[in-house]
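# Generate coordinates for the sequence data below:
(chains A and B)
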Number of protein chains: 2
Amino acid sequence: MLYLVGLGLADEKDITVKGLEIVKKAERVYLEAYTAILLVDKDALEAFYGRPIIVADREMVESSSDDILKDADKVDVAFLVVGDPFSATTHTDLVLRARELSIPTRSIPNASILTSIGTTGLQLYNFGQTVSMVFFLDNWKPASFYDRIKENVSIGLHTLVLLDIKVKEQSLENMARGRKVYEPSRFLTVAQCAQQMLEIEEEVKKEGVYRRDSLAVGVARVGAEDQKIVAGTLGQLCDADLGRPLHSLVLLGRRTHDLEREFLEGFAIDKEGFNAVWKKDYEGRG
Amino acid sequence: MLYLVGLGLADEKDITVKGLEIVKKAERVYLEAYTAILLVDKDALEAFYGRPIIVADREMVESSSDDILKDADKVDVAFLVVGDPFSATTHTDLVLRARELSIPTRSIPNASILTSIGTTGLQLYNFGQTVSMVFFLDNWKPASFYDRIKENVSIGLHTLVLLDIKVKEQSLENMARGRKVYEPSRFLTVAQCAQQMLEIEEEVKKEGVYRRDSLAVGVARVGAEDQKIVAGTLGQLCDADLGRPLHSLVLLGRRTHDLEREFLEGFAIDKEGFNAVWKKDYEGRG
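Take a look at the predicted model:
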């Protein structure tokens, strides 16, 4: 059996009891470590699970999936995924490959940022499609997120923006020379995301989908003890420091509930300013 | 401290290790048991957690929240919620009340149907807002879900439809007479949901937002060993029997990926028919 086991968001104790039982009895344990990360490293997981873990990078999952699936028709293989197992499409591929090989699969769900974002007080019913924000380069500033936000905004919905992570990436030079040397990990911050969003709006698209004084919420380390939530305008979030990764951002839609305001004002950078913008641009506009 | 602990979806072992530690040391343990249910009963939870559990019905949470919060500034209180703690707004209320009383709160995330629906192979990025479907009565057929589905459909997105549950409800007569007698629990099925959706489309709204041959996916008991997934047209789902609760339904949007088709065809009631409709109405239409 191939088990896809969700690990949740923060640390080694966010695995479910059911997931832990599977990890303890599996023949081999893989950890998918490139679409998301926990806030603890592999050693902490190995110590807690009492099992050695094979880190599966993008290359292994995409080109050597048959190694991962080897003998999984006879023995149990656990493939650990940060968050919920099906939040990224890579794992859909792995399950399809298992199906071709007649290997049974089972997934063990867990928390994902897509729902844990509810910890901000924003109601999950009011979210539209989720978008991703990558690190901009001087000559590469993909703006497809903008059109999706525009669709959400047009029907008044919030947008969760997931932020890029760069783990085990090679520089172009090292890649060209075939050197397996990797760059230090990097994680997009709430401040960088807000800056990039405004750059696309103000310098490229100019369609008024959002503005410097649109309301947004930045979150960091959801589910961890030092979880942090900050609410303010996009302009304010450009200067917000939420500390270590992972970060995410929510752009508010105008279809809101007063409970959301009441909950969020506790996280506002400037409570009075927050409520003033809310009253002017959001309240009763849904 | 007030802990809101997510229980996940299926049984007593879907709690996280962190959540279980909190339950074991909390002074009082409440179980919210009216917006969702696990597939096991309270006794199974008490036996596994080794703790007595106080079932909190809607009345208790909404009118006696101060009893739940009693002394929570000095002792730990665990409030257990099926799924993720913030998937329903009721719990936002409880946290706001705790905040007023200067009681610190912490939430322990867990799996929710909102992301575990990814087990169908449908990509979470392609979902719009989530809607709810209630049990229709002869003279009460609320159709607000239809306009939200219309918004999702207009931008090509999938819609997750959450299905009504009736737990510990009184008949009007018993309520009027103040008799604390409760009706048997009832759970809306995928078939009933598909029928009600078509009834609203064909007899009330007639706007062509979806049709009898629109594609949809029914799921039951997500995360459990006997999880079931069925893909087909809405017409076919009107006759689908997915067994015991809980059920949910997804109406497909036209913005699709071939990986989604490949994954779903394994669950199709009629594979050839499914692929034919896909090719005609979905493929390349996003």
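
# rest of the way, CA atoms for contacts and neighbours
Fine.

# Find the nearest non-adjacent residue to A:Lys18, please.
Spatially, and ignoring its direct neighbours in sequence, A:Lys18 is nearest to B:Lys13 (5.1 Å; CA to CA, 6 or more residues apart in numbering or on different chains).

# Pretty sure the one you found sits against A:Ile15.
No - the pair B:Lys13 / A:Ile15 is not scored as a contact, 10.6 Å apart, by CA atoms under 8 Å.

# Can you pull out the residues in contact with the lowest-mean-pLDDT helix or strand in chain A?
When each helix and strand of chain A is scored by mean pLDDT, DSSP states H and E, helix A:58-63 comes last, with a mean of 82. In this structure, residues lying in contact with helix A:58-63 by CA atoms under 8 Å, 6 or more residues apart in numbering or on different chains are A:32-34, A:68, A:90, A:94.

# just checking, which of those residues belong to strands?
Cross-referencing those against strands under DSSP state E gives A:Glu32.

# can you redo the contacts of helix A:58-63 as CSV with pLDDT and distance to A:Ser248?
Formatted as CSV, those follow (pLDDT from 0 to 100; distance: CA to CA, whole Å):
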residue, pLDDT, distance to A:Ser248
A:Glu32, 89, 20
A:Ala33, 77, 18
A:Tyr34, 76, 17
A:Ile68, 95, 31
A:Thr90, 72, 21
A:Leu94, 91, 27
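
# Run through the bridge partners of A:Ile108.
A:Val5 (DSSP bridges).

# doesn't A:Val17 make contact with it?
No - using CA under 8 Å, A:Ile108 is not in contact with A:Val17; the gap is 10.2 Å.

# Between those two, tell me which one has more neighbours.
Per other CA atoms under 10 Å in any protein chain shown, whichever of A:Ile108 and A:Val17 has more neighbours is A:Ile108, with 28 against 19.

# about what we covered before: more crowded one of B:Lys13 and A:Ile15?
A:Ile15 (32 against 20).

# For the closest residue to that one other than its chain neighbours, list the residues it contacts.
Once flanking residues are discounted, A:Ile15 sits nearest to A:Leu7: 4.6 Å by CA to CA, 6+ apart. Counting by CA under 8 Å, 6+ apart, A:Leu7 touches A:14-16, A:80-84, A:110-111.

# Distance-wise, check the residue nearest to A:Lys18 relative to A:Ser144.
41 Å (CA to CA, to the nearest Å).

# cool, A:Leu246 as well?
As for A:Leu246, its distance to A:Ser144 is 22 Å (criterion: CA to CA).

# the more surrounded of the two?
More crowded of A:Leu246 and A:Ser144, by other CA under 10 Å: A:Leu246, with 25 against 11.

# pLDDT on whichever helix or strand A:Glu173 is part of, on average?
Using DSSP states H and E, A:Glu173 sits within helix A:172-176. Averaging pLDDT along helix A:172-176 gives 84.

# Residues contacting that helix, please?
With CA under 8 Å, 6+ apart, helix A:172-176 has contacts from A:180-181.

# Run through the neighbouring helices and strands of the helix or strand following that helix.
Heading C-terminal from helix A:172-176, the first helix or strand you meet, by DSSP H and E, is strand A:186-187. Counting contacts by 3 or more CA pairs under 8 Å, 6 or more residues apart in numbering or on different chains; DSSP states H and E, strand A:186-187 is packed against strand A:165-166.

# and the strand it packs on, what other elements does it pack with?
strand A:186-187.

# Tell me how far the strand it packs on lies from the chain's centre.
12 Å (CA atoms, centre = their mean, to the nearest Å).

# quick one on the thing from earlier: dihedrals phi and psi, the residue nearest to A:Ile15?
phi -100, psi -10 (degrees, to the nearest 10).

# Quick check: pLDDT value at it.
On the pLDDT scale, A:Leu7 is placed at 96.

# Please see if stretch A:79-97 touches chain B.
Yes - under the criterion of CA under 8 Å from any CA of the partner chain, chain B is reached by stretch A:79-97 at A:84, A:86-89, A:92-93, A:96.

# ok, now stretch A:137-154?
Yes - counting by CA under 8 Å from any CA, chain B is contacted by stretch A:137-154 at A:Glu151.

# hang on, the earlier thing: which of the residues of stretch A:79-97 next to chain B sit farthest apart?
A:Asp84 and A:Leu96 (17.4 Å; CA to CA).

# Compare the two (neighbour count), which wins?
A:Asp84 (29 against 18).

# Could you measure from the more buried one over to B:Thr105?
24 Å.

# what does A:Asp66 give?
In terms of CA to CA, A:Asp66 sits 45 Å off from B:Thr105.

# Please say which of those two ends up with more neighbours.
Remark: of A:Asp66 and B:Thr105, B:Thr105 carries more neighbours, 19 against 16, as counted by other CA under 10 Å.

# Report how many residues lie close to the residue nearest to that one when sequence neighbours are not counted.
Leaving aside its sequence neighbours, B:Thr105 sits nearest to B:Leu2 (CA to CA, 6+ apart; 4.6 Å). Per other CA under 10 Å, the neighbour tally for B:Leu2 reads 25.

# isn't B:Leu2 right next to B:Arg106, touching?
Yes - counting by CA under 8 Å, B:Arg106 is a contact partner of B:Leu2 at 6.4 Å.

# which residues in the stretch 151-286 of chain A form strands?
A:159-163, A:165-166, A:186-187, A:215-220, A:228-233, A:247-251 (DSSP state E, counting those that start in this stretch).

# per-residue pLDDT, the residue sitting furthest away from the middle of chain A?
Distance from the centre of chain A peaks at A:Lys74, with 33.6 Å (CA atoms, centre = their mean). Here, the pLDDT recorded for A:Lys74 equals 97.

# With the one 4 residues further on instead?
Per-residue confidence for A:Ala78 comes out at a pLDDT of 97.

# domains of chain A?
A:2-111, A:114-282 (automatic domain parsing).

# Could you measure from A:Ser144 over to A:Lys150?
10 Å.

# Looking at the strands of the stretch 151-286 of chain A, which is nearest to B:Ala216?
Closest of the strands of the stretch 151-286 of chain A to B:Ala216 is strand A:159-163, at 24.4 Å (criterion: CA to CA).

# Given that closest one, what are its sheet partners and their directions?
Strand pairing (DSSP bridges) places strand A:159-163 next to strand A:131-133 (parallel), strand A:247-251 (antiparallel).

# Go ahead and confirm A:Ala220 touches A:Arg244.
Yes - between A:Ala220 and A:Arg244 there is a contact under CA under 8 Å: 7.5 Å.
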